[in-house]
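Engineer: Provided below for reference: sequence and predicted model.
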Amino acid sequence: LFGVQGPSWLTSTVWAMPAVILTSVWKGLGFSMLIFLAGLQSISIDYYEAAEIDGARSIDKFWYVTVPLLSPTTFFVTVMSFIGSFQVFDSVFLMTEGGPARSTSVIVHYLYENAFMYFRMGYASAMAYILFFMVFAITMIQFWRQKKWGN
């Protein structure tokens with residue numbers, strides 16, 4: 001309409017992965033916001049009243065009451081988002097099928113190709129085990145850091 005050529009989002013090797021990432025983030029945003037809303041609603045009003053009596057401003061209540069009390073929720077959302085990011089398959093499969101030039105082929109899509117297109121079941125199951133242990137190890141590191149952080 002205006003004579004400006006837009007990027008070819010799904011056919012460009014440069015723009016295909018950002019398009020898949022943007023779609024995946026948009027897809028997971030609702031779940032994360034719902035969990036944060038539940039976490040915010042679980043914070044008792046007594047903490048805010050006590051902070052107000054102590055003379056805390058709004059920004060102080062946010063940083064010294066809300067953020068620390070939301071740390072378990074933040075930890076949960078972080079762990080679940082991390083695990084979900086390693087298991088992204090549907091966006092890649094539906095939008096680009098790993099193309100163009102394999103620029104959007106992620107580990108789960110590569111696993112799928114090896115198992116169900118090339119029928120290399122042993123190789124695919126070995127990849128699945130490696131993916132499991134990678135996600136498990138990084139999740140355990142996140143649990144360890146959470147305990148070290150204080151909550």
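Structural biologist: Arrived safely. In this text, all values refer to a predicted model and were calculated from it rather than measured experimentally. Numbering: from 1, shown residues only.
Engineer: now the strands for the protein?
Structural biologist: For the chain, strands defined by DSSP state E do not occur.
Engineer: which stretches of the protein have low pLDDT?
Structural biologist: 1, 148-151 (pLDDT under 70).
Engineer: Now for the residue nearest to the spatial centre of it: which residues touch it?
Structural biologist: Ranked by distance to the mean C-alpha position of the chain (C-alpha atoms, centre = their mean), the top residue is S81 at 2.7 Å. The neighbourhood of S81, defined by C-beta atoms under 8 Å, 6 or more residues apart in numbering, consists of 28, 32. Every residue, glycine included, has its C-beta placed from N, CA and C.
Engineer: Would you check how far apart it and Y123 are?
Structural biologist: Shown here: S81 relative to Y123, a distance of 28 Å by C-beta to C-beta, to the nearest Å.
Engineer: And for T73?
Structural biologist: Distance from T73 to Y123, by C-beta to C-beta: 39 Å.
Engineer: the more surrounded of the two?
Structural biologist: Neighbour count, other C-beta atoms under 10 Å: between T73 and Y123, T73 has more, with 18 against 13.
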